[in-house]
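Using only what follows, build the 3D model:
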Amino acid sequence: LLKTFGLILGPGNTDALVRRAETLAEGHPVISALVAKLAEVRRHVVAQVAALDRDIRRLVRSEPTLKRFMTVPGGGPITAVAFLSTIDEPERFKHARDVGPDLGLTPTRYQSGETDRHGRISKCGDAFTRTCLYEAANVLLTRVGRFSPLKAWGMRLVQRIGSKKARIAVARKIAVIL
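Okay, here's the model as predicted:
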């Protein structure tokens, strides 16, 4: 909105950005009213997201299954809740390794005659849970400092097959562990 009138705001996504937008729009009565409304909406949304985050953390602390899910390295409260809501009845899986294909974390396969090709991941199942598991794998491989056998296995995969494929493999392994 500001760029249309030649007012360059700059990068950012914090409250400082909103304050900078309000100071840029001060001299223009129409723009300042619009920016004030947008700033009010953003502050309200940020407050609601923080409240939801607190509620999710409170839920995770009160539920023993979710507490157990949080012990897996790289996983957080959102990943735990997403996994529990997706895999509501674990008895429906004969083996723990069947969870990966259900979430779409296994490669597609094309077979015809002598041709046998592995493709991208199948992306079946719940996309949000798959994304949470991928992010948990990413956090485990890049941010978690303490040693775990899962991280060591993932780092060996990164060296052998590359980081993106290794993240998918670690995400599938996290799903099996959960």
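
Going by C-alpha atoms from here, please, whenever you check contacts or count neighbours.
Will do.

Quick check: closest non-adjacent residue to the residue minimising distance to the centre of the chain.
Using C-alpha atoms, centre = their mean, the residue of the chain that lies closest to the mean C-alpha position is residue 132, 3.8 Å off. Nearest residue to residue 132 in three dimensions, chain neighbours excluded: residue 79, at 5.2 Å (C-alpha to C-alpha, 6 or more residues apart in numbering).

before we move on, the earlier item: buried sites along the host helix or strand of the residue nearest to the centre of the chain?
Using DSSP states H and E, residue 132 sits in helix 127-142. By 16 or more other C-alpha atoms under 10 Å, the buried positions in helix 127-142 come out as 129-141.

can you check stretch 100-115 too?
Applying 16+ other C-alpha under 10 Å to stretch 100-115 flags 100, 101, 102, 103, 104, 105, 106 as buried.

just curious, which of those is nearest to residue 118?
Nearest to residue 118 out of the buried residues of stretch 100-115 is residue 106 (C-alpha to C-alpha; 9.7 Å).

what pLDDT does the nearest residue to residue 130 once chain neighbours are set aside get?
When the adjacent residues along the chain are set aside, residue 130 lies closest to residue 103, with 6.2 Å between them (C-alpha to C-alpha, 6+ apart). Model confidence at residue 103, given as pLDDT, is 93.

contacting residues around residue 103?
Contact analysis of residue 103 by C-alpha atoms under 8 Å, 6 or more residues apart in numbering lists 123, 124, 125, 126, 127, 129, 130.

and which of those is nearest to residue 5?
Nearest member of the contacts of residue 103 to residue 5, counting by C-alpha to C-alpha, is residue 127, at 39.5 Å.

Can you tell me how far that closest one is from residue 4?
36 Å (C-alpha to C-alpha, to the nearest Å).

one step back: contacts for the helix holding residue 132?
73-76, 78-79, 82-83, 86, 103-105, 151, 154-155, 167-168, 170-172, 174-175.

Just the ones of these in helices?
By the criterion of DSSP state H, membership of the contacts of helix 127-142 in helices covers 78-79, 82-83, 86, 151, 154-155, 167-168, 170-172, 174-175.

Just list the residues touching the residue nearest to residue 132, thanks.
129, 132, 133, 136.

One more: residue 72?
By C-alpha under 8 Å, 6+ apart, residue 72 lies in contact with 174, 177, 178.

ok, of those, which come out buried?
Using 16+ other C-alpha under 10 Å as the burial test, the contacts of residue 72 include 174, 178 as buried.
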